[in-house]
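Return atomic coordinates for the entry below.
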Amino acid sequence: MSVNELYQLWSQDPYFNEATRNELAAIKDDPKEIEERFYRDLEFGTGGLRGILGAGTNRMNLYTVAKASAGIGKYILTEGEEAVKKGVVISYDSRHFSPEFAEIAARTFTSMGIRVFLSDELRPVPMLSYSVRYHKAFVGVMITASHNPPKYNGYKVYGEDGGQVPPEAASKILSYIEAIEDIRSIQPDSLEDAKNKGLLTYWGAEVDEDYTNMLDTLVIDRQAILNQKDMSIVYTPLHGSGNKPVRRILKKVGFENVYVVPEQELPDGAFPTVETPNPENPAALSMAIELAKKVGAEMVIGTDPDSDRIGVAVRTVKDGVETFVPFTGNQIGLMLLDYILDSKKSAGTLEENPFAVTTIVSSKLAGAICKYYGVELQEVLTGFKFIGERIKLDDEFGNKHFQFGFEESYGYLSGVNVRDKDAVVAAMLIAGMQAQSKERGESLLERLDSIYKRFGYGFEEAVSFTLEGKEGVEKIAGAMTSLRSELENAKNLAEAQSLMGGVPIVAVRDYQTSKRYVFTENGIDIQPIDLPVSNVLLYELGGDKGLDWACARPSGTEPKLKIYFGIYANTEDESKARLADTKAKVSAYVQSKL
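Alright, predicted model coming up:
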């Protein structure tokens, strides 16, 4: 159907509720807005849906959620009777319409004869992942748009291992969704019918307890926590789903002075106290920092709406002035990696064949840390589903033992019973690390500096270009095509230097073509890349330690082209200076392509 035909259908057919029809009637004289809402179906990627709330095929609403659920339901039905019996676990966060989307998904599944376990209140991503394994379900669904602005919501799909569905399963699901020609053919059960069929079960307290007990087994250096149980911590859930589980685990392991920011404690999809509910942005922790100053806390932590990301800031005094210094996602990851491996090595509890996992755009210092402790480090593509996949292949079905996984975007995981990033376990580990540091008479800032002194200085940053709507999608695609075309036209090392604004390029990895271009003075050596296909270009820049890099990739969850940088040197000043120079040159060059 054309854009106008779809608009007429959605704005007039009684299948769509009155609120939908009224919303669309209000834009009848705005052809650009009509096109934005109906020029395509909301894209179902490898992780599911994410989009702006509103009426239309390219928006998050009851009907696009029901359509996605119907496609997943068809996938479950084709996988056999056992898959149908195992069913689907559903949870949701605090965003606008999250409970309604969770319920329509549940009612769509039960209308197809599929068993559903629906959370009896909002619960975060890690608990959804855990609950899939707890209930031995075949699929999990999490209603969330993570840290996006309030106008967004989303729909993430998980496999029976508790990890996000792999590309093969996502491709099958997409084919079933696309096969639904008429959305009006989807007829969800009423809530009463779903219950009467015996297919809808609510889950809650029993999983809360089991999950919390599991996290308690992952404590590192329990004695340090007991010795520092009076340590003050300020926590903010940023109006999201982390409030109860984070406070529950901190209390269970022994922390007695946890203060919660009252203005940000309760769920609120408008996220009224922050510009965006993203703990990557230090401004999101400002209210927590103010409370910390009042109560004398040394550390603040904050989790995003679905509690899979966490931010941290610690108190310091310089020249008599009290300030709180935020850590980057990489710095938190490096400290936790060193904390876990050092503590286990010292206690003699580091398992045989240990491994850790990080992503291609995370800090390269992770390799030096793992090498020091005799731990294998695996690098995967951006996206925590790939970290979860390595746990499944090498720990669950292999002879290796997973220690820790992290990505630069403030996502961390310890243990094997959750297969997505988990800000709840991260909160516990970060608090424990702070307790251990106090036992040693050092701050977390001093702990980080110790890591730099042992393994070298390295700093990473990222720049994002936000381009929303149809035009934005086209510009981002065009920029990646232009960068890739220039790469393919470069014939030697001299020509490679023009690829990214004059930075010194040694090699380029094109994950879309699975080729690594190694430039020499006389030509190019092309090598294969053994990772899944992805629209990513990673530029190897050499540097003092041979680790410098820059990377360009479209975000998989937001309308952004993201550019990452990592620069490594023997001194802090040198690393930061070269990072600033590289960032300026590369950012300007990429922006010229948009």
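
count of neighbours near residue 374?
Neighbours of residue 374 under the rule other CB atoms under 10 Å: 10. To be clear about C-beta, it is placed using only N, CA and C from the backbone, and glycine gets the same treatment.

same thing with residue 168?
Neighbour count of residue 168, defined by other CB under 10 Å: 9.

Need phi/psi at it.
When read as degrees, to the nearest 10, the backbone of residue 168 gives phi -60, psi -50.

For it, give its distance to residue 511.
Note on residue 168: its distance to residue 511, by CB to CB, to the nearest Å, is 18 Å.

Kindly report the same for residue 303.
30 Å.

Could you check which of the two has the larger neighbour count?
residue 303 (29 against 21).

what sits against the more buried one?
124, 235-238, 240, 242, 246, 279, 309-311, 423-424, 427 (CB atoms under 8 Å, 6 or more residues apart in numbering).

swap the cut-off to 7 Å and go again
Residue 303 makes contact with 237, 238, 240, 242, 246, 279, 309, 310, 423, 427 under the criterion CB atoms under 7 Å, 6 or more residues apart in numbering.

quick one: which of these sit in strands?
Among the contacts of residue 303, the members falling in strands (DSSP state E) are residue 310.

Could you single out the nearest of the contacts of residue 303 to residue 96?
residue 240 (12.7 Å; CB to CB).

looking at it, that closest one is touching residue 92, isn't it?
No: with contact defined as CB atoms under 7 Å, residue 240 does not count as touching residue 92 (11.1 Å).

more neighbours, those two?
Taking other CB under 10 Å, residue 240 and residue 92 do not tie; residue 240 has more neighbours (31 against 28).

ok, the more buried one - contacts?
Counted by CB under 7 Å, 6+ apart, residue 240 has contacts 93, 94, 267, 277, 303, 304, 305, 306, 307.

what's the answer for residue 339, then?
220, 433.

So what does it look like in phi/psi?
phi -60, psi -50.

Relative to residue 440, how far out is it?
Residue 339 is 11 Å from residue 440, by CB to CB.

Kindly report the same for residue 187.
For residue 187 relative to residue 440 (CB to CB), the value is 62 Å.

Out of the helices and strands in this protein, which is least certain?
Ranked by mean pLDDT, DSSP states H and E, the weakest helix or strand in the chain is helix 493-496, scoring a mean of 88.

What pairs with the helix or strand just after that one, parallel or antiparallel?
Using DSSP states H and E, the helix or strand that follows helix 493-496 in sequence is strand 507-510. Neighbouring strands of strand 507-510 in its sheet, by DSSP bridges, are strand 515-519 (antiparallel), strand 537-542 (antiparallel).

Outside of the helix or strand where residue 565 lies itself, list whatever touches it.
Element membership for residue 565, per DSSP H and E: strand 560-569. Strand 560-569 has contacts (CB under 7 Å, 6+ apart) with 361, 363-364, 456-466, 476, 479, 543-545, 547-555, 575, 578-579, 582-583, 586-587, 590, 594.

Quick one: buried ones out of those residues?
Neighbour counting over these (16 or more other CB atoms under 10 Å) leaves 361, 363-364, 456-463, 465, 476, 479, 543-545, 547-555, 575, 578-579, 582-583, 586-587, 590 as the buried ones.

Among those residues, name the ones in strands.
457-463, 465, 548-554.

Helix or strand: which one has the residue of the chain most remote from its centre?
Within the chain, the residue lying farthest from the chain centre (CA atoms, centre = their mean) is residue 522, at 41.6 Å. Residue 522 is part of no helix or strand when elements are defined by DSSP H and E.

my guess is it meets residue 491, correct?
No: using CB under 7 Å, residue 522 is not in contact with residue 491; the gap is 9.5 Å.

Report the contact partners of the closest residue to residue 522 other than its chain neighbours.
The shortest distance from residue 522 to any non-neighbouring residue, by CB to CB, 6 or more residues apart in numbering, is to residue 492 (6.4 Å). Listed by CB under 7 Å, 6+ apart, the contact partners of residue 492 are 519, 520, 521, 522, 523, 524.

Sort out which of these are buried, if you could.
519, 524.

and the two most separated of the contacts of residue 492?
The two members of the contacts of residue 492 with the most space between them (CB to CB) are 521 and 524, at 10.8 Å.

mind giving me the domain split of the protein?
Annotated domains of the chain cover 40-203, 218-455, 458-591 [automatic domain parsing].

Between the strands paired with strand 507-510, which one is closest to residue 372.
Between residue 372 and those, the tightest spacing by CB to CB is seen for strand 537-542, at 23.0 Å.

Please spell out which residues along the closest one are buried.
Using 16+ other CB under 10 Å as the burial criterion, the residues of strand 537-542 that qualify are 537, 538, 539, 540, 541.
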